[in-house]
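Asker: Starting from these lines, generate the structure:
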Amino acid sequence: MATSIRMVEYLRSRITGRRSIKGWHNVGLLFHHPNFQEKFSDFRQADTDAFKEDQVMKSVIPIIEGKITGTKCVSGNILFTNLEHLTDSTLVPGNPDLYYGARPEQLNRRVRSELSDRIVPSTQHDLPIVPNFFLAAKGPDGSIAVAARQASYDGALGAIIPLHRYITVVR
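Answerer: Below you'll find the predicted structure:
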């Protein structure tokens, strides 16, 4: 958690131009990765070179994420058109730059069908369902406030999942 906060603080300082982190170059002490210095150097270079949101998503975010083994649990840039609206339908559907969820086959088909408008973000059936982590990225000229609002809205869409009624205890 502290590592993520430090990385976010570092990114925020890059966007705002203010180095508010004391000892940000010592973030490596929080990591137990043998090649941290090299990885962090790669991260800083990718961050320096990224001027657009697309560049951040393609070069910076993968360094933060590390190796993803369950690629069927990750997607992004997908309009959440299948989810129930949070308001009177005047807001656009959620569209996170990146989101994590469960593989569709991990959830009982009947439950998936009954709760489709609350847990299946897209009608494309091979994408992750039950979204539970959302990311909105911005380039150096992007607004942190806008990214926070976008991620909060996408997160709110993920928070209305009523799966607790379907949980059974297996003995």
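
Asker: Can you point out the buried residues in the longest strand seen in the chain?
Answerer: As assigned by DSSP state E, the longest strand anywhere in the chain is strand 129-135. By neighbour count, with 16 or more other CB atoms under 10 Å as the criterion, the buried positions of strand 129-135 are 129, 130, 131, 133, 134, 135. C-beta coordinates here come from the backbone N, C-alpha and C atoms, glycine included.

Asker: again with stretch 63-70
Answerer: In terms of neighbour count (16+ other CB under 10 Å), stretch 63-70 has its buried residues at 63, 64.

Asker: Let's see that stretch as PDB, backbone CA atoms only.
Answerer: What follows is stretch 63-70 as a C-alpha-only set of coordinates in PDB (Å, rounded to 0.1, in the frame of the first residue of the first chain):
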ATOM      1  CA  ILE A  63       5.700  -0.800 -15.200                       C
ATOM      2  CA  ILE A  64       3.500   0.000 -12.100                       C
ATOM      3  CA  GLU A  65       1.400  -3.100 -12.700                       C
ATOM      4  CA  GLY A  66       4.200  -5.500 -13.200                       C
ATOM      5  CA  LYS A  67       3.600  -8.800 -14.900                       C
ATOM      6  CA  ILE A  68      -0.100  -9.700 -15.200                       C
ATOM      7  CA  THR A  69      -0.700 -13.400 -15.300                       C
ATOM      8  CA  GLY A  70      -4.500 -13.400 -15.500                       C
END
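
Asker: can you give me how far that stretch is from the chain middle?
Answerer: Computed by CA atoms, centre = their mean, to the nearest Å, the chain-centroid distance of stretch 63-70 equals 12 Å.

Asker: likewise stretch 132-139?
Answerer: Here the centre of stretch 132-139 is set off from its chain's centre by 4 Å, with CA atoms, centre = their mean.

Asker: Give me the residues contacting it.
Answerer: Around stretch 132-139, the neighbours that count as contacts under CB atoms under 8 Å, 6 or more residues apart in numbering are 15, 50-53, 55-57, 60-61, 76, 94, 96-102, 144, 146-148, 150-151, 154-155, 158.

Asker: okay, now the domains of this protein?
Answerer: With automatic domain parsing as the criterion, the domains of the chain are listed as 2-49, 71-166.

Asker: Identify, out of the ones you listed, the most deeply packed stretch.
Answerer: Of all the domains of the chain, domain 71-166 has the most neighbours on average by mean count of other CB atoms under 10 Å, namely a mean of 16.

Asker: Quick one: mean pLDDT for that one?
Answerer: Here the mean pLDDT over domain 71-166 is 86, rounded to a whole number.
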